[in-house]
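> here is my input; please provide its structure:
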Amino acid sequence: MKSIIKFLFLGLVLIFIIIGGIFIGYKSLISPVSNDTSLIEVDISDGSSLKSAARLLEEKNLIKNETAFLIYAKINSLENIRSGSYSLNKSQNVEEILQILNKGSKPIGIKITIPEGYEIRNIAEKLESAGITDFDSFISDTSNVDLYKSQYPYLNLPEVKSLEGFLFPDTYYISKEATNEQIIKMFLDRFSEIYEEQQLESKIQKSGLNLNEFITLASIVEREAVKKEERPIIAGIFYNRLSIQMPLQSCATVQYILKERKPVLSIADTKIDSPYNTYLIKGLPPAPIASPGLDAILATSNPQQTKFLYFVAKGDGGHEFSETYEQHLQAKKKYLGE
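Numbering: from 1, shown residues only. Here you go, the predicted model:
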């Protein structure tokens with residue numbers, strides 16, 4: 001009997017030691033990283049999750065452990081962080097940082113909204129007009145993919161030759177003193193957040209495409225579909241065409257070649273010799289043609305299953321969908337007078 005009591009006592013002591021060790025370890029993980037009070041700028045984008053913010057803080061060495069940060073936020077009801085630009089330092093503990101992020105900060109910089117479907121050249125024009133950077137240097141810096149591959153592994157595909165399609169459309173606050181590299185990283189950070197929050201890796205694998213192909217298709221869906229509810233249908237049509245090796249025949253890809261969004265393409269336009277001309281090639285063009293938004297990405301990851309192969313614009317932003325070429329010709333006659 002005495003041996004049993006002794007065994008239980010030792011077990012309880014061991015449990016308390018383990019709990020005490022965990023507690024001490026946890027307290028250490030939520031303590032300041034160092035005594036360094038140098039300010040570090042942190043940008044929390046609109047729609048950022050607490051998890052993505054924690055990851056960013058850990059990457060900037062402002063917190064010791066992402067998981068401990070999330071646990072503390074959960075226990076203390078400090079999960080409602082706000083977007084904005086923050087000046088933080090390594091001498092602040094997790095509680096102090098969370099209090100600041102929950103209180104929110106006054107956005108620093110110029111408010112820039114990048115609409116869905118913008119090409120890099122459109123983004124460059126917008127940044128130049130806001131006096132943040134100049135068009136040519138931004139275009140040049142976005143073509144230097146190698147500069148970002150180590151930090152953003154999804155760019156390591158050999159097909160990725162530029163950042164077209166990966167500069168996520170959203171609202172940002174950008175300082176006039178920001179370098180092109182800093183601006184580009186803001187866009188890529190937001191893409192990374194979406195990539196992880198939406199678990200795109202597994203969804204892309206199910207699509208049978210690699211990331212470059214997937215974002216390329218999503219960019220076409222973004223440019224072709226106006227109405228949100230039609231995006232899964234149009235994505236499904238393009239998957240149907242790909243499955244039977246039918247040219248995608250996307251006007252948006254030709255507009256990308258022309259660098260002009262012509263409302264109606266000419267016959268000559270559809271015969272331009274280019275790997276982006278989906279009237280001539282079978283399959284996808286070599287790279288995205290624009291930055292797809294979240295709705296287009298989700299539609300491409302979960303297309304509506306139909307037998308449709310054709311669609312024609314009705315003039316109100318919507319489309320008429322057809323299964324056969326004969327039906328498509330009737331729809332064109334109805335809405336386009338052809």
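> list the buried residues of stretch 203-223.
204, 207, 209, 211-223 (16 or more other C-beta atoms under 10 Å). Using the backbone N, CA and C atoms, a C-beta is placed for each residue, glycine as well.
> report the contact partners of the closest residue to S175 other than its chain neighbours.
Ranked by C-beta to C-beta, 6 or more residues apart in numbering and with sequence neighbours excluded, the top spatial neighbour of S175 is G109, at 4.3 Å. Listed by C-beta atoms under 8 Å, 6 or more residues apart in numbering, the contact set of G109 reads S85, Y172, Y173, I174, S175, K176, A178.
> can you pull out the low-pLDDT segments for this structure?
For the chain, applying pLDDT under 70 flags the ranges 1-25, 105-108, 338.
> so which residue is dead centre in the protein?
F191 (2.5 Å; C-alpha atoms, centre = their mean).
> got the phi and psi for that one?
Note on F191: backbone dihedrals following degrees, to the nearest 10 are phi -60, psi -40.
> ignoring the adjacent residues along the chain, who's closest to it?
Using C-beta to C-beta, 6+ apart, the closest residue to F191 is F168 (4.1 Å).
> who are the contact partners of that neighbour?
Applying C-beta under 8 Å, 6+ apart to F168 gives the contacts I114, F187, L188, R190, F191, I194, S291.
> what about G318, neighbour count?
Look at G318: counted by other C-beta atoms under 10 Å, it has 15 neighbours.
> same thing with the one 10 residues further on?
The burial count assigned to H328 is 18, neighbours taken as other C-beta under 10 Å.
> now swap in V264 and tell me
Residues near V264, counting by other C-beta under 10 Å, number 8.
> what helix or strand is it located in?
Using DSSP states H and E, V264 is not contained in any helix or strand.
> number of nearby residues for G283?
Other residues close to G283 by other C-beta under 10 Å number 15.
> wouldn't it be in contact with R241 here?
No. G283 lies out of contact with R241 (C-beta atoms under 8 Å); the separation is 9.4 Å.
> between the two, which contacts overlap?
L248.
> returning to that earlier point: between the contacts of F168, which sits nearest S45?
Closest approach between these and S45, by C-beta to C-beta: R190, at 5.0 Å.
> Three-state assignment for that closest one, please.
State at R190, reduced to three classes by DSSP: H, G, I helix; E, B strand; the rest coil: helix.
> for it, grab the count of nearby residues.
Neighbour number of R190 under other C-beta under 10 Å is 24.
> can you give me the distance of it to F311?
According to C-beta to C-beta, to the nearest Å, R190 stands 30 Å off from F311.
> repeat for Y154
Using C-beta to C-beta, Y154 is found at 30 Å from F311.
> ok, for E196, nearest residue in space, not its chain neighbours?
Using C-beta to C-beta, 6+ apart, the nearest residue to E196 is S52, at 6.9 Å.
> contact partners for the one you found?
S192, E193, E196, E197.
> quick check on the residues you listed: which are buried?
The buried subset of the contacts of S52 - by 16+ other C-beta under 10 Å - is S192, E193.
> and the contacts of S52, which two are the farthest apart?
S192 and E197 (9.4 Å).
> related to what we said a few turns ago, how about the residue nearest to F191, secondary structure?
coil.
> same thing with the one 5 residues further on?
Y173 falls in the strand class when you classify it by three-state DSSP.
> in terms of contact, does it touch D43 like I think?
Yes. Y173 is within contact range of D43, at 7.2 Å (criterion: C-beta under 8 Å).
> joint contacts of those two?
Common neighbours of Y173 and D43 (C-beta under 8 Å, 6+ apart) are G84, S85.
> which one of the two has more residues nearby?
D43 (23 against 20).
> counting by contacts, list what the helix or strand harbouring that one packs against.
Assigned by DSSP H and E, D43 belongs to strand 40-44. Contacts defined by 3 or more C-beta pairs under 8 Å, 6 or more residues apart in numbering; DSSP states H and E place strand 40-44 against helix 50-59, strand 84-88.
> centre of the chain to the first one, how far?
Which is helix 50-59. Centre-to-centre, helix 50-59 and its host chain are 16 Å apart (C-alpha atoms, centre = their mean, to the nearest Å).
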